[in-house]
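>>> Please work out how this folds:
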Amino acid sequence: MGARMSGETTDTSVPPETLTVAYRAWSERAGQRGGGGRTTGRKERAEEPQWPGGVLVFDCETTTDERQNLTFGVYRLCRWAVVDGVWRLHCAEEGLFHADDLPETDPAGYAALAEFARSRRADVGRGVDGTLHLRSRHDFLNDVFYPAAVGARALVVGFNLPFDLSRLATDWRAARGDYEGGFSFTYWEYADKASGAPPEPLPPPRPHQAHRQQTGADRLRRDARPRQ
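Numbers count the residues shown, from 1 in each chain. Got it, this is the predicted structure:
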């Protein structure tokens, strides 16, 4: 902040401004390993993680207006593996996803995503397909999120996860039963059993209240099957 390039002059008549900067980071105490256990100097035995074997990490970017609708997001699908006697996460798939209507509403933005995906390799291990996938929101839910989170019961990870989950939803409604007083999200709709026709298009998701109540927001019901 105090450095300046050669030849520049400082205008002392303008008072400096103070800018508050917040950082978010993961930290560990010295002498601890990644799992939080203390090192003892002895060779440690690889203990199987207590978490699910699969981990789905994703994050969403949104419009900057009050609706905060989904524009695009990124994800990594990881699995646990033993390396040098220690369980570590390894990325098995990496990709981007976008709002279903992004190619129509923002062609330039969609083109930038497509070019990014074409020009870069996914950050995955050896022997794994290095394609950086680009999927629509619908395909991401059907081909990645549902098989991992609902089918394999993978751990779903995100910063402010209830908000990111809400950006993937097509609708919301008041929660019932044990979650009464909160709300739940709709991710998939059943096709009409008689005709096989898909349901009518749903309205855009409504914006959250400021507190983003979590009650019922994180519950994924196993009986919800994605519409192909």
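
>>> send the alpha carbons of the top helix by length along the chain over as PDB?
Scanning the chain for the longest helix, with DSSP state H as the assignment, gives helix 107-119. C-alpha atoms of helix 107-119 as PDB (Å, rounded to 0.1, in the frame of the first residue of the first chain):
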ATOM      1  CA  PRO A 107     -24.300 -15.800 -25.500                       C
ATOM      2  CA  ALA A 108     -21.000 -14.100 -24.900                       C
ATOM      3  CA  GLY A 109     -20.800 -15.500 -21.300                       C
ATOM      4  CA  TYR A 110     -21.600 -19.000 -22.500                       C
ATOM      5  CA  ALA A 111     -19.000 -18.800 -25.200                       C
ATOM      6  CA  ALA A 112     -16.400 -17.800 -22.600                       C
ATOM      7  CA  LEU A 113     -17.300 -20.800 -20.500                       C
ATOM      8  CA  ALA A 114     -17.100 -23.100 -23.500                       C
ATOM      9  CA  GLU A 115     -13.700 -21.700 -24.600                       C
ATOM     10  CA  PHE A 116     -12.400 -22.100 -21.000                       C
ATOM     11  CA  ALA A 117     -13.500 -25.700 -20.900                       C
ATOM     12  CA  ARG A 118     -12.000 -26.500 -24.300                       C
ATOM     13  CA  SER A 119      -8.600 -24.900 -23.600                       C
END
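
>>> Show me where this structure dips below the pLDDT cut-off.
Applying pLDDT under 70 to the chain picks out residues 1-12, 31-46, 48-49, 190-228.

>>> Show me where it has its strands.
Listed in chain order, the strands of the chain (DSSP state E) span 54-62, 70-83, 86-98, 132-136, 155-157, 171-174, 183-186.

>>> what's around the residue nearest to Gly130 when sequence neighbours are not counted, how many residues?
With sequence-adjacent residues excluded and distances taken as Cβ to Cβ, 6 or more residues apart in numbering, Gly130 is closest to Arg121, at 4.3 Å. Using the backbone N, CA and C atoms, a C-beta is placed for each residue, glycine as well. A count of nearby residues for Arg121, using other Cβ atoms under 10 Å, gives 10.
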